[in-house]
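Chemist: Here's my sequence, what's the structure:
(4 chains)
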There are 2 protein chains.
Amino acid sequence: MQTKTTLSADDWIKAAFRTLSAGGVQAIKAEAIARDLKVSKGSFYWHFKDVPDLKAQMLEHWSRAATGAIIADIEAAGGSPRDRLRLLVEEATGDRSLPYGGMLAESAIREWGRHDAAAAGALKTVDTHRLAYVAELFGTGGFTADQGAAKARLLYGALIGLETLAAEGLADLRGDMLNLLTDLLADS
Amino acid sequence: MQTKTTLSADDWIKAAFRTLSAGGVQAIKAEAIARDLKVSKGSFYWHFKDVPDLKAQMLEHWSRAATGAIIADIEAAGGSPRDRLRLLVEEATGDRSLPYGGMLAESAIREWGRHDAAAAGALKTVDTHRLAYVAELFGTGGFTADQGAAKARLLYGALIGLETLAAEGLADLRGDMLNLLTDLLADS
DNA sequence: CCGTTACCATACGGCAGCGTATGTATCGGC
DNA sequence: GCCGATACATACGCTGCCGTATGGTAACGG
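Modeler: Numbering: from 1, shown residues only, chains lettered A, B, ... in the order given. The predicted structure follows:
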């Protein structure tokens, strides 16, 4: 497998996700990524109409990958709802089961969504799906639909917030999340 | 009070925080803020050495204001630790008790901190102080130091994460936070 | 072997933002 | 009523990034 002689649009998209994770949305620039790939920007404008086109394709790819990424694993493993929730937390805090560079990409997209409607839309779709799945797990685990939805919001919200705290070194992502899950699973 | 005839550095900093909240870090540009203030960039370079100088002063101001913003209110109100925690959650989810444009500015600075060491440092300082205060409240409320610290991380982490979910319309910030607080205050 | 197509390089004009240099108006102090 | 300091305006060159235009090359079908 000698270094590929020609690039595909997917290669560009993957490189763009690396840049996104490292430098945020504002780092996604045609010429910069071209330098990273050691080609000229002529290549970029062959594969993409312009920069917004690349960004749109990034969101499209991420939406598809992120929606069912972990969920498929969990469902394949089976087990009780409580087991699945525990496994879910462990996979989610373990990184690397998420597409395009783990949580780094996720938080970058979340940052992106604050000032871009398209990114916000993709994010909302993914978040809604995930919340629904977690809520369902709580539901089949013995809680009412309302309780399940509320607990799902808490668990997922804590995941997002604790991840940023963990990035500062102020939280133990997995430990804290497992603690919270135990609390949420206790009958109130 | 007729429109001030001349600007101060603080006027620039306040305007910069507005643009930060609205457009993120990458929107903090000398010429853009100058247009917003209806002056020329000559004014900017009178009050500041360069753009990094402005950003540094923004972080400095925010650090000071954000550290003791809510805490002073809570302590002034008095009450039991449980009362204070409840009041804390209500003030924190109510916005407007935070400096420079509420949570919008906070999340923008958090976004900023992901790719800038200085912002990350200011954020870590503020977060550390807040976590310590909340942990202390749990501590004097009848929990061990470890329990208090863990519960503080959960409460504060959930605040951060739920705020982003609430921005998507996927969570009820105040309601969910109060729910979590009730859970955390129940003896485990 | 020849042309077409895929893929990339190079070169160009344009704009936005930066920082500097320098001009200009206002104003308190004496 | 001059003078220095303050608070801006204006004009300039520079750089980074955009998008386009155009030229080159290698592979591949016929």
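
Chemist: For stretch A:50-66, which outside residues touch it?
Modeler: Applying C-beta atoms under 8 Å, 6 or more residues apart in numbering or on different chains, the contact partners of stretch A:50-66 are A:9, A:12-13, A:16-17, A:20, A:25, A:28-30, A:44, A:48, A:98-100, A:105-106, A:109, A:118-119, A:122, A:125-126. C-beta: built from backbone N, CA, C; applies to glycine.

Chemist: and that stretch, anywhere near DNA strand C?
Modeler: No: Stretch A:50-66 does not reach DNA strand C (C-beta under 7 Å from any atom of the strand); its nearest approach is 11.9 Å.

Chemist: now the closest residue to A:Glu106 other than its chain neighbours, what's its secondary structure?
Modeler: Closest residue in space to A:Glu106, ignoring its immediate chain neighbours: A:Leu98 at 6.2 Å, by C-beta to C-beta, 6 or more residues apart in numbering or on different chains. Here A:Leu98 is coil, with the state taken from DSSP: H, G, I helix; E, B strand; the rest coil.

Chemist: A:Leu98: how many residues sit nearby?
Modeler: 19 (other C-beta atoms under 10 Å in any protein chain shown).

Chemist: Show the contacting residues for it.
Modeler: A:Ala66, A:Ala69, A:Ile70, A:Ala92, A:Ala105, A:Glu106.

Chemist: let's see it at 7 Å
Modeler: A:Ala66, A:Ala69, A:Glu106 (C-beta atoms under 7 Å, 6 or more residues apart in numbering or on different chains).

Chemist: ditto for A:Trp112
Modeler: A:Val25, A:Ala119.

Chemist: Secondary structure element holding it?
Modeler: For A:Trp112, the host element (DSSP states H and E) is helix A:102-113.

Chemist: Let me know the angle separating that helix from helix B:102-113.
Modeler: Relative orientation of helix A:102-113 versus helix B:102-113 (axes from the mean of the first three to the mean of the last three C-alpha atoms, to 10 degrees): 130 degrees.

Chemist: Only the buried residues of helix A:102-113, if you could.
Modeler: A:Met103, A:Leu104, A:Ala105, A:Glu106, A:Ser107, A:Ala108, A:Ile109, A:Arg110, A:Glu111, A:Trp112, A:Gly113 (16 or more other C-beta atoms under 10 Å in any protein chain shown).

Chemist: swap in stretch A:129-138?
Modeler: Those would be A:Arg130, A:Leu131, A:Tyr133, A:Val134, A:Ala135, A:Leu137, A:Phe138, for stretch A:129-138 by 16+ other C-beta under 10 Å.

Chemist: Show the model's pLDDT score for the residue most central in space within chain A.
Modeler: In chain A, the centroid-proximal residue (C-alpha atoms, centre = their mean) is A:Glu106; its distance is 3.9 Å. pLDDT recorded at A:Glu106 is 93.

Chemist: go on, A:Gln2?
Modeler: 52.

Chemist: lowest confidence element among the helices and strands of chain A?
Modeler: Ranking every helix and strand in chain A by mean pLDDT, DSSP states H and E puts helix A:69-77 at the bottom, with a mean of 90.

Chemist: Following element in sequence after it, please.
Modeler: Reading on from helix A:69-77 to the C-terminus, the next helix or strand found by DSSP H and E is helix A:81-93.

Chemist: report the angle between the axes of that next one and helix A:69-77?
Modeler: 140 degrees.

Chemist: mind showing which ranges of chain A have poor pLDDT?
Modeler: A:1-4, A:95-97, A:188 (pLDDT under 70).

Chemist: one step back: check the buried residues of stretch A:129-138 against chain B, which are close?
Modeler: Contacts with chain B within the buried residues of stretch A:129-138, counted by C-beta under 7 Å from any C-beta of the partner chain: A:Leu131.

Chemist: Near chain B, which residues of chain A are found?
Modeler: Counting by C-beta under 7 Å from any C-beta, chain A sits next to chain B at A:23-24, A:26, A:107, A:110-111, A:114-115, A:123-124, A:127-128, A:131, A:150, A:153-154, A:157-162, A:164-165, A:168, A:170-171, A:176, A:179-180, A:183, A:188.

Chemist: Show me just the buried residues among the residues you listed.
Modeler: Buried, going by 16+ other C-beta under 10 Å: A:24, A:107, A:110-111, A:114-115, A:123-124, A:127, A:131, A:150, A:153-154, A:157-162, A:164-165, A:168, A:170-171, A:176, A:179-180, A:183, out of those.

Chemist: which of the buried residues of stretch A:129-138 sit farthest apart?
Modeler: Farthest-apart pair in those is A:Arg130 and A:Phe138; separation 12.9 Å (C-beta to C-beta).
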